[in-house]
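Trainee: how would this look folded up:
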Amino acid sequence: MAKTYASIYRDFDMTMSVAEDTKDLTPLVDRDCVRASIFRIISLSKLDIPFNIAAYSKLKELLFEFPDQTSDIAIKTNLEWIISELEPRVRIDNVEVTHDEEQESCIIDIHYTILRTNTQDVVRKEVERVR
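Mentor: Have a look, this model is predicted:
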């Protein structure tokens, strides 16, 4: 008899998709759960968390800065801090910021390790500068 794998992390999918067989909400499990959490965290705006105006991603604000080494370090530092504050299931290994001058966009790769499973993963977020 095959041993079934018990999931460690479970969360609701924010798209509220319904499973066809059970007609219930499909949950996000383990890796997908953590990935969705990191995406939500790096998209937080000021006042999204009541009574904690410091806990938000300054990514939108920093996109208006001139793309240079100083703004890259500010983006990296802010994302590392906010993820470590709000997502205790992961350890941030590296944050890479790449600028695409032609499309006026910024590609951010967040390399992290899920602590309980010791699994390494990466989340990529591409943001465009809108004028």
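Trainee: make it CA atoms for all contacts and neighbour counts henceforth
Mentor: Fine.
Trainee: correct me if wrong: residue 120 contacts residue 110.
Mentor: No - because the distance of 10.6 Å does not satisfy Cα atoms under 8 Å, residue 120 is recorded as not touching residue 110.
Trainee: quick one: which of those two has more around it?
Mentor: Each of residue 120 and residue 110 had its neighbours counted (other Cα atoms under 10 Å), and the higher figure belongs to residue 110 (20 against 15).
Trainee: secondary structure class for the more buried one?
Mentor: The three-state assignment at residue 110 reads strand, by DSSP: H, G, I helix; E, B strand; the rest coil.
Trainee: next, give phi and psi for residue 59.
Mentor: Backbone torsions for residue 59, taken as degrees, to the nearest 10, come to phi -60, psi -40.
Trainee: got the contact list for it?
Mentor: For residue 59, the contacting residues are 42-43, 75, 78-79, by Cα atoms under 8 Å, 6 or more residues apart in numbering.
Trainee: and the least confident of these?
Mentor: Across the contacts of residue 59, the member with the lowest pLDDT is residue 43, scoring 84.
Trainee: contacts only, for that residue.
Mentor: Contact analysis of residue 43 by Cα under 8 Å, 6+ apart lists 57, 59.
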